[in-house]
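1. pasting the structure only:
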């Protein structure tokens, strides 16, 4: 298993509450991410408009070429390796959940992970035009410029979500309760942090008991079990795709200590995290 750096790219403390940035990357990456895996505390979209390469996304590899696009949630980790002979050109969009209309937020909340998609030439031209319009609006101050940018971005995002709809989990439905949808979105972005039911209840102006009741009704599991599932899912991905220590994995996945993580893992998977990793290595060699 190749050794890769593993780190967080995060918004600065002065970022807007409703954050959205757009940039056009025409210069070669120059191997900047070749030996690293990283994740974000925000959402990221990239649309490839030229060049070729490979996207390593939650341990899976996807070819990149003109028309390739992907959306990463704060739960996903990835890296991009470009072909040195054919460097990538792309649009990069970063945003947080506060910028999204409620319906789109619920759609992304229903996704177990991010989206990878591929567009034909006509669609790629249309998406590129939307990006150029967003860049134009960002570069000059016009009346209702912010609203125009959000409207353009919403068109882009809907096209991407529609194309990647098959990646949504059939077992996860959109919440009928907007408070539950907002809590789920928050958990997916912040599951690495200490989070309590009371904290989330205060965020959506409900009592903990009532939030716990409607959360269980909407998701089919208790709040703490849902949060634990998010953390386990992330930890398992790290065990399978990185060689970072068990201590580091427990920290990055949001468990309070490595010993607590190991005890819960053994109860859930009937083996230690180290044994699980060794089993996966042997299976990969066979395959």
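-> Structure's in. What do you need? For clarity, every value in this text was computed on a predicted model and none was experimentally measured.

2. and the residue nearest the centre of the protein?
-> Central residue of the chain (CA atoms, centre = their mean): residue 73, 1.5 Å from the mean position.

3. quick check, pLDDT for that one.
-> Residue 73 carries a pLDDT value of 84.

4. tell me the phi and psi of it?
-> Main-chain torsions, residue 73, degrees, to the nearest 10: phi -90, psi 170.

5. same thing with the one 4 residues further on?
-> For residue 77, the backbone dihedrals are phi -130, psi 150 (criterion: degrees, to the nearest 10).

6. count the residues that sit near it.
-> Neighbourhood size, residue 77 [other CB atoms under 10 Å]: 26. C-beta: built from backbone N, CA, C; applies to glycine.

7. before we move on, back to that, could you find the closest non-adjacent residue to the residue nearest to the centre of the chain?
-> Excluding the flanking residues, the one nearest residue 73 by CB to CB, 6 or more residues apart in numbering is residue 114, at 5.1 Å.

8. circling back: how much space between the residue nearest to the centre of the chain and residue 190?
-> From residue 73 across to residue 190, the span is 12 Å (CB to CB, to the nearest Å).

9. now swap in residue 228 and tell me
-> 14 Å.

10. go on, residue 210?
-> To residue 190, residue 210 is 21 Å away according to CB to CB.

11. between these two, which is the more surrounded one?
-> Between residue 210 and residue 190, counted using other CB under 10 Å, residue 190 has the larger neighbour count: 17 against 12.

12. which residues touch that one?
-> Shown in contact with residue 190 (CB atoms under 8 Å, 6 or more residues apart in numbering): 41, 74.

13. contacts only, for residue 72.
-> When contacts are counted by CB under 8 Å, 6+ apart, residue 72 touches 39-40, 43-45, 57, 78, 114.

14. tell me where the protein has helices.
-> All helices of the chain, identified by DSSP state H, fall at 102-110, 121-139, 145-163, 178-190, 197-203, 208-219, 223-241, 246-252, 258-269, 273-286.

15. CSV please, covering those helices and showing distance to residue 18.
-> Shown next, in CSV, are the helices of the chain (distance: least, CB to CB, whole Å):
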stretch, distance to residue 18
helix 102-110, 12
helix 121-139, 14
helix 145-163, 8
helix 178-190, 14
helix 197-203, 16
helix 208-219, 24
helix 223-241, 24
helix 246-252, 27
helix 258-269, 34
helix 273-286, 38
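
16. all set now, cheers.
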